[in-house]
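Peer 1: Build me a model:
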Amino acid sequence: MGLKRPAEDDPSPAGKVARARIENDDALAFPSLSHPASHPPAFQRPSQLLTFSYSPSRVLQFDDSALRYFVNPPHGADLNHGYENWTRRPEERGRIDGLLSAWSRFKNSLNEQNPEIGLISWRGVITKILTAPYEERDVWELNVMCIDGTMYFEEHLSDEKLKEKSNLEPRHRLQSYYGYSFESYCTSSTPNKHEPHVSSSSSGSSGTAGWGGDVDTNVQWCSVVKTKLGDTRIIIGGEVDCVRGKYAGNTDNFVELKTSLSIRGPQDEAKFEKKLLKFYFQSFLLGVPEIFVGFRKPSGYLTTTQVFQTVQIPRLVRGKPGAWDPNVCLAWGDRFLSFLRNTIKGSSRSNVWRIKFMSKTGVSATLLDDVGVRDVEGGEDRVGFLPRWYWEEMSGAVAYDPEARAQTRSEGESSKVGTIVVPSGWKI
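Peer 2: Numbers count the residues shown, from 1 in each chain. The predicted structure is shown next:
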């Protein structure tokens, strides 16, 4: 039985809003994977709006202080190195506050223009949505709100799930570290270095050839882009690992860094080609043109590296048994967004919907009751999962939240916002 929230819960001044009613959970099945999409929707090439950084103390700054530059890693690098010095950011709910601060900042630069945006979300969430038809194990949930025609997505992580992610088995924790270690070997804080660098850090890991500094996952450099899937204009934010050469204020030389076990036979090759699906969309959605993969031994030692051009990846798997098709994913994503818009049409601005993704089956949508919404708010100053300052800004109560602005005092020249010209769509 579907759930409905009373109008009295709406914090808007009107106090009376339309109630969304569903007799049963709305559902949408995944598409058949045996038939290619006949008319895949257009996807517009992402165009960067602005960037921001997270400092070691996790303060959001509108500058490029966390930007890293690509360097070639040393052959045989030990990805176990620096593990004991890893500063690991605590697992937390997938809030979109940072992305909303960036979007608010950009929107305020448009001289009262109000662009029609259909969706605002982190890149990781949209990647999971688009690749869901091919997911064989993962069951996950999404929180959705809609204000004035713009949908907002936040991955739902229960307390149990957060505890599970925080208490990884030592072996899995070490394997997750390998990716961050590879990033340290592959990046520098300064551009134009062509040879593997030697760390001069005083953190206890100095002197190791190629080591770029101990890992701190609080520090991130993020890009915010606009794009379009079918008729839906989308704002996407995501972390960028590094750039190749000099940063020119666009996505043209962004590089995504990945690690994978060395390929020792046909079975390993098939597994890697499945991984390429997420590699592809993670980069495709943010306009990242290059993926640099480090292949490693099970013991964590780097064996070889390979460069993949993002737009060429689908050709590598095309025609193979069980191959994935990006057009199936894009068509599914377009259909999912239409399904969602129709499902939540007419509901209150403060309603929160829970979307459940079930592998090999499809998705279901349920309107949360008061208890469910309070759980989403987590005792924080929010309306649903949106921070109250943003809610008030969208309601016309304030122009920009002063408390959020206090978190962004450090402003960089490279994040100035100007007129954006969107290039033509990418071809697959």
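Peer 1: where does the stretch 301-428 of the chain dip in pLDDT?
Peer 2: 397-428 (pLDDT under 70).
Peer 1: which residues of it fall in helices?
Peer 2: In the stretch 301-428 of the chain, the helices defined using DSSP state H, counting those that start in this stretch lie at 313-317, 326-344, 370-377, 388-394, 402-406.
Peer 1: could you dump the ones you listed to a markdown table with mean neighbour count and distance to Trp140?
Peer 2: Where you see a C-beta, it was placed from the backbone N, CA and C, and this is true even at glycine. Formatted as a markdown table, those follow (neighbours: other CB atoms under 10 Å; distance: least, CB to CB, whole Å):
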| stretch | mean neighbour count | distance to Trp140 |
| --- | --- | --- |
| helix 313-317 | 16 | 24 |
| helix 326-344 | 20 | 14 |
| helix 370-377 | 15 | 15 |
| helix 388-394 | 19 | 24 |
| helix 402-406 | 12 | 28 |
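Peer 1: So for Gly237, which of these sits nearest?
Peer 2: Closest of those to Gly237 is helix 388-394, at 14.0 Å (criterion: CB to CB).
Peer 1: Just the helices from this protein, written as ranges.
Peer 2: 97-108, 123-130, 159-166, 170-186, 266-286, 313-317, 326-344, 370-377, 388-394, 402-406 (DSSP state H).
Peer 1: relative orientation of the third one and helix 170-186 in degrees?
Peer 2: For helix 159-166 and helix 170-186, the angle between their directions (axes from the mean of the first three to the mean of the last three CA atoms, to 10 degrees) works out to 60 degrees.
Peer 1: Output helix 159-166 as CSV - backbone C-alpha positions only.
Peer 2: Extracted C-alpha coordinates of helix 159-166, given in CSV (Å, rounded to 0.1, in the frame of the first residue of the first chain):
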residue,chain,number,x,y,z
ASP,A,159,22.4,3.5,9.3
GLU,A,160,23.0,-0.2,8.8
LYS,A,161,24.5,0.5,5.4
LEU,A,162,26.8,3.2,6.7
LYS,A,163,28.0,1.0,9.5
GLU,A,164,28.7,-1.8,6.9
LYS,A,165,30.7,0.6,4.8
SER,A,166,32.6,1.9,7.8
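Peer 1: gap between that helix and the chain center?
Peer 2: Helix 159-166 has its C-alpha centroid displaced from the chain centroid by 19 Å (CA atoms, centre = their mean, to the nearest Å).
Peer 1: neighbouring contacts of it?
Peer 2: Here helix 159-166 makes contact (CB atoms under 8 Å, 6 or more residues apart in numbering) with 90-93, 157.
Peer 1: So for Ser359, which of the helices of the chain sits nearest?
Peer 2: Closest among those, using CB to CB: helix 123-130, at 11.4 Å.
Peer 1: Show me what that closest one is packed up against.
Peer 2: With contacts taken as 3 or more CB pairs under 8 Å, 6 or more residues apart in numbering; DSSP states H and E, helix 123-130 sits against strand 140-147, strand 150-156, strand 232-239, helix 266-286, helix 326-344.
Peer 1: let's see it at 6 Å
Peer 2: Other helices and strands packing on helix 123-130, by 3 or more CB pairs under 6 Å, 6 or more residues apart in numbering; DSSP states H and E, are helix 266-286, helix 326-344.
Peer 1: Turn these into TSV, including distance to Leu99.
Peer 2: Converted to TSV, the helices and strands packed on helix 123-130 look like this (distance: least, CB to CB, whole Å):
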stretch	distance to Leu99
helix 266-286	12
helix 326-344	18
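Peer 1: rewinding a little: can you tell which of the helices of the stretch 301-428 of the chain is closest to Arg45?
Peer 2: Arg45 lies closest, by CB to CB, to one member of the helices of the stretch 301-428 of the chain: helix 326-344, at 13.4 Å.
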